[in-house]
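Peer 1: Return a 3D structure for these sequence lines:
(2 chains)
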Protein chains: 2
Amino acid sequence: MADSWRGQHTDGEAEPADADTVASVGEIATLRRIFPRLPQSASTIVGPGDDAAVLAAPDGRYVVTTDMMIAGPDFRWAWSTPEDVGWKAAATNLADVAAMGAVPTALVVAIAAPFDMPVSALESVADGFREACAALAPGCGVVGGDLSVSDAFTVAVTAFGDLQGREPVLRSRARPGDVVAVAGTLGQAARGLRALFADAVDENGVPDAVRAADVAARVPEVSVQRRPRPPIEAGVAAALAGATAMLDVSDGLALDAGRVAEASGVRIDLRSDALGPDPATALSGGEDHALLACFPSEASVPRPFRVIGAVLPRDGDERRRLSVDGRPYDGRTGWDPYSGWDGAGG
Amino acid sequence: MADSWRGQHTDGEAEPADADTVASVGEIATLRRIFPRLPQSASTIVGPGDDAAVLAAPDGRYVVTTDMMIAGPDFRWAWSTPEDVGWKAAATNLADVAAMGAVPTALVVAIAAPFDMPVSALESVADGFREACAALAPGCGVVGGDLSVSDAFTVAVTAFGDLQGREPVLRSRARPGDVVAVAGTLGQAARGLRALFADAVDENGVPDAVRAADVAARVPEVSVQRRPRPPIEAGVAAALAGATAMLDVSDGLALDAGRVAEASGVRIDLRSDALGPDPATALSGGEDHALLACFPSEASVPRPFRVIGAVLPRDGDERRRLSVDGRPYDGRTGWDPYSGWDGAGG
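Peer 2: Residues are numbered from 1 along each chain as shown, chains lettered A, B, ... in the order given. Have a look, this model is predicted:
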């Protein structure tokens, strides 16, 4: 395959450690090399190494979310390093926990890797998990995992969080009169991906690592596509400020704002002048993992949230869940892995 | 591919619903069809449909384990129905929760399916999850999930459990003088798999659904390979009876008993006359997901556990962690996905 983990190694000398593959070293020895690199969780009662981990849930509840990333539909090895892949797998799940108003506490990680993947590449994936937790959610760590064989490199993460005694912030309780606000970037990851698809492919449209390095040097948004930085702490700030609804913008602002409107039985109107210099991409592009929240009009909207719209009553037309500057939104609404993925494109 | 989900459909007429694939229907509509079929969890505070679920942890802790199954290394579509795959993915994870002495409360399930997989096949996977939870762990259900695209059908499950105020039963606290006991079958899943590899392949060694049906009718252990029935309630019974150590026998009794001995710093001696008519397969074969536990000699070993050996002090020879009838065990010790998988064999 042109787009394998080797994509990152085409112009580097093989390191001695690269001689060790998951097949030659075996599951147990591979795990022994990976685990010391993973971040530790402050919520651990029983850590990795037994049939299961035991975690603390001080308020008698815990938040749970799961998300899978697969080489091909979700990322390309020619465009992302193993560290980037670990970072993004952690960050996307941390964002879902934050969107409930919870503090991320722990992750479990199941990885399926091709036979011939170097153990050093898996160590780098582990480094990405550690770096993301340290930067975005200190105290959160990996408490368990599984390692399997697959031609398609796959990482499945389940993330946990602590509500610290607060009610979870759902997507279904926005009320007419609320303001709509967002924390984090919008559309940057999509612009980064667009630049990669445009200029980081070879003559046959195959993702190319050398060209990707050129694009990344020129287009700063490529780093947001590779390593999104969702504003994890903003989730708790929103909950403390009385947010009525919140979610992680993973499939595009328009689609995700429409989900809040649908679940809450309201209409959301966004202001294009609040969406930056490229409102169309801000509306359609996912993967920045910003947090979208609604606040009562009397609430003080906490930093780093910025107001981008208002919650209105649903009018007679059921399709009018989402409007921009008062007009029904009819642009591309987001990303569906089954209809959105162009297999030929990478 | 010869061994795709179509393996089960080669001699049946296409049902009208099979016209719907995950690609033609899309992620959201597919999830809408799957979720009503999934079992519900009695521990749910916030269920599927938001960024994350919220679950109850009445004693302030929760048990977590994760395990992945992939078409090819872990099962073959020609040999297992989609219901079987859902059942097994649930059962293996429930067994890990039970092995801590906990009651399974909930699962999250991430599935990656090929583009052309019928939605009806995914509905059947969901049915398998529901049937396994109903049969093995009533009250346990699926509280969240993710659906992605992959050429390699992959199901990653994370399971949760409640310790009900008890201490978790680790693998590291067996003491010399304890008795060693097991609940559940040993070696049957391996005998079933051996029969499939022997007689349920075509002239080229490719798994064959029609021949598998013949083998299954003749060899009752094939049903244990397809739908293991770990004794989930025995996990709590062991904890209540004072078990000092416990684990799920997933990689073979010899390997897993050796793990208890290693973690506890003891030697375990098994009695071959307690291992049934085929002690060699009982020792080497995994995937029945029996529970192996150690009990103080003064404890009353609870049903359905049966005594199969004793815990002894570790002697000078570090390799002597495991013996059978007093002699060091030197047979095949178990299953490693990287060294144990014969890609050419299916």
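Peer 1: who's in contact with A:Asp178?
Peer 2: A:244-245, A:294-297, A:310-311 (C-beta atoms under 8 Å, 6 or more residues apart in numbering or on different chains). C-beta here means a position set from N, CA and C on the backbone, and glycine is covered the same way.
Peer 1: Output whichever helix or strand A:Arg259 is part of as CSV, nothing but the C-alphas.
Peer 2: For A:Arg259, the host element (DSSP states H and E) is helix A:253-264. C-alpha atoms of helix A:253-264 as CSV (Å, rounded to 0.1, in the frame of the first residue of the first chain):
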residue,chain,number,x,y,z
LEU,A,253,-21.0,23.7,13.1
ALA,A,254,-24.1,23.6,11.0
LEU,A,255,-24.8,19.9,11.5
ASP,A,256,-24.0,20.0,15.2
ALA,A,257,-25.9,23.2,15.9
GLY,A,258,-28.8,21.6,14.0
ARG,A,259,-28.5,18.7,16.4
VAL,A,260,-28.9,20.9,19.5
ALA,A,261,-31.9,22.6,17.8
GLU,A,262,-33.5,19.3,17.0
ALA,A,263,-32.9,17.7,20.4
SER,A,264,-34.1,20.9,22.2
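Peer 1: contacting residues around that helix?
Peer 2: A:170-175, A:180, A:182, A:186-187, A:245, A:247-250, A:266-268, A:270, A:275, A:282-286, A:290, A:292, A:294, A:309, A:311, A:314, A:321-322, A:329, A:331-335, B:49.
Peer 1: Recalculate using a threshold of 7 Å.
Peer 2: Residues from elsewhere that reach helix A:253-264, judged by C-beta atoms under 7 Å, 6 or more residues apart in numbering or on different chains: A:171-174, A:186, A:245, A:247, A:249-250, A:267-268, A:270, A:282-284, A:292, A:294, A:321-322, A:329, A:331, A:333-334.
Peer 1: neighbouring strands for the helix or strand following that helix, and are they parallel or not?
Peer 2: Downstream of helix A:253-264, the next assigned helix or strand under DSSP H and E is strand A:266-270. Taking DSSP bridges as the criterion, strand A:266-270 sits next to strand A:306-313 (antiparallel), strand A:322-324 (parallel) in its sheet.
Peer 1: Identify whichever of those strands lies nearest to A:Ser148.
Peer 2: strand A:322-324 (40.4 Å; C-beta to C-beta).
Peer 1: what are the ranges of the strands in the stretch 201-346 of chain A?
Peer 2: Per DSSP state E, counting those that start in this stretch, the stretch 201-346 of chain A carries strands over the ranges A:245-249, A:266-270, A:290-295, A:306-313, A:322-324, A:327-328.
Peer 1: got the ones you listed as TSV, with mean pLDDT and mean neighbour count columns?
Peer 2: Listed next are those as TSV, based on pLDDT from 0 to 100; neighbours: other C-beta atoms under 10 Å in any protein chain shown:
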stretch	mean pLDDT	mean neighbour count
strand A:245-249	97	28
strand A:266-270	97	24
strand A:290-295	98	29
strand A:306-313	97	18
strand A:322-324	94	23
strand A:327-328	89	11
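Peer 1: how about JSON lines for these, with distance to B:Gly145 added?
Peer 2: Output for the strands of the stretch 201-346 of chain A, formatted as JSON lines (distance: least, C-beta to C-beta, whole Å):
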{"stretch": "strand A:245-249", "distance to B:Gly145": "16"}
{"stretch": "strand A:266-270", "distance to B:Gly145": "26"}
{"stretch": "strand A:290-295", "distance to B:Gly145": "22"}
{"stretch": "strand A:306-313", "distance to B:Gly145": "29"}
{"stretch": "strand A:322-324", "distance to B:Gly145": "26"}
{"stretch": "strand A:327-328", "distance to B:Gly145": "31"}
